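Undergrad: here are the coordinates; sequence isn't available:
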């Protein structure tokens, strides 16, 4: 009887998390489409040079750096429902705007508005998972959220890449904007109207009550710093993979009887991640909720990334090299899910909105700084090799930083052990 009640409660808690994930996936359609079609159809939208494409595809990340703290403050005063509805409306307006407006300046505004919409969505997703989870299922729900919402990137890239050449970007943008509106009734019905900073205090111990004087303790600073460095390192692969393929394998390649270019192979390898994300992220999150906690898995995946990055610069047999890339991408899925879960664990012991805001800013900063720092170093002699070897070393140092150094306490939940071990 208790087991059935527990299952019913889990399903009840999964529903709002699933809804937020699906809504976020819908809102990602337009943004993901641009990464495929804008570098090709930039003249059709009134741009004058390719550098403008680069600015438009990155400005949404830079705008999030100053806006995320402000949005965190707003979430302390508004409900999750209000913030998510605002995010959907902004996403709809920007996506349909791609079909209505031309020119660099107006697109700069549209992309900046999308950055704000994404901050509302991402913070809303984090806060929803924290609100509807406890120490026994937080990893599972965080993995479920991450896996489902990233399907939006896969669908946006695939459908956008296929339909835009056939019917044009304006029609596809309008269609995507209309699909995003489908999320509004679900948010209105299933997402709580309570303020986002109102936690279920019955689930928290007295020492977890928000106190500004004790927010910035070691576990908080540690996960924020980890988010910055890990997201910076993960951009190394995404922004240099085509270049690394061209460097390692300059001759025309044939895989399973098909001639492929470096950009084609890079796209196939990286898109594979979005296909397995819903399953692998959820499974990793579920495993991390077990009795051993998240740290063993986190350390293992960091070491896998370190080994993989150390092997990337070398000219190995192409099938072996592609396997290494896929293993790195799988480890990246696990690392992102586990970091989000660890950040949520830490936030439950402190100020939820403040900690998740700081963590979001750190990950955004890492993603924004990564491409710039990478391409500054690439121009140096053997720069790309040193970048990957240096990244491998940093992954290894982070794994050592998170090694368990305290014996698990009895009668505490997995996430509590993780927090104790890292102090």
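TA: Thanks, I have the structure now. Note that the structure is a prediction, hence the values are computed from the model and not measured.
Undergrad: chain center to the helix or strand where residue 142 lies: distance?
TA: Per DSSP states H and E, residue 142 falls inside helix 138-149. Relative to the centre of its chain, helix 138-149 is centred 11 Å away, using CA atoms, centre = their mean, to the nearest Å.
Undergrad: give the buried residues for the helix or strand just after that helix.
TA: Counting by DSSP H and E, the element after helix 138-149 in chain order, helix or strand, is helix 151-167. Across helix 151-167, burial judged by 16 or more other CB atoms under 10 Å covers 151-161, 163-164. In this view, the C-beta of every residue, glycine as well, is placed from N, C-alpha and C.
Undergrad: out of those, which is nearest to residue 224?
TA: Residue 224 has its nearest neighbour among the buried residues of helix 151-167 in residue 153, at 24.8 Å by CB to CB.
Undergrad: wait, what's in contact with that closest one?
TA: Residue 153 makes contacts with 28, 32, 274, as judged by CB atoms under 8 Å, 6 or more residues apart in numbering.
Undergrad: gap between it and residue 388?
TA: 24 Å (CB to CB, to the nearest Å).
Undergrad: residues in contact with the helix holding residue 142?
TA: 13-14, 17-18, 20-22, 24-25, 28, 125, 128-130, 132-133, 277-289, 294, 333, 336-338, 340-341, 344-345, 415.
Undergrad: among the contacts of residue 153, which one sits closest to residue 79?
TA: Distances from residue 79 to the contacts of residue 153, taken by CB to CB, are shortest for residue 28, at 22.7 Å.
Undergrad: how about that closest one: what's its closest non-neighbour residue?
TA: Excluding the flanking residues, the one nearest residue 28 by CB to CB, 6 or more residues apart in numbering is residue 152, at 3.3 Å.
Undergrad: how close does that neighbour sit to residue 113?
TA: Counting by CB to CB, the gap from residue 152 to residue 113 is 18 Å.
Undergrad: on that earlier part again, got the buried residues of helix 151-167 as a markdown table, with distance to residue 363 and pLDDT columns?
TA: Below are the buried residues of helix 151-167 laid out as a markdown table (distance: CB to CB, whole Å; pLDDT from 0 to 100):
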| residue | distance to residue 363 | pLDDT |
| --- | --- | --- |
| 151 | 20 | 87 |
| 152 | 18 | 87 |
| 153 | 16 | 82 |
| 154 | 20 | 81 |
| 155 | 23 | 85 |
| 156 | 21 | 84 |
| 157 | 21 | 78 |
| 158 | 25 | 78 |
| 159 | 27 | 83 |
| 160 | 25 | 81 |
| 161 | 27 | 77 |
| 163 | 31 | 84 |
| 164 | 30 | 83 |
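Undergrad: can I get those residues in TSV with distance to residue 251?
TA: Shown next, in TSV, are the buried residues of helix 151-167 (distance: CB to CB, whole Å):
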residue	distance to residue 251
151	35
152	36
153	31
154	30
155	34
156	33
157	28
158	29
159	33
160	31
161	27
163	34
164	32
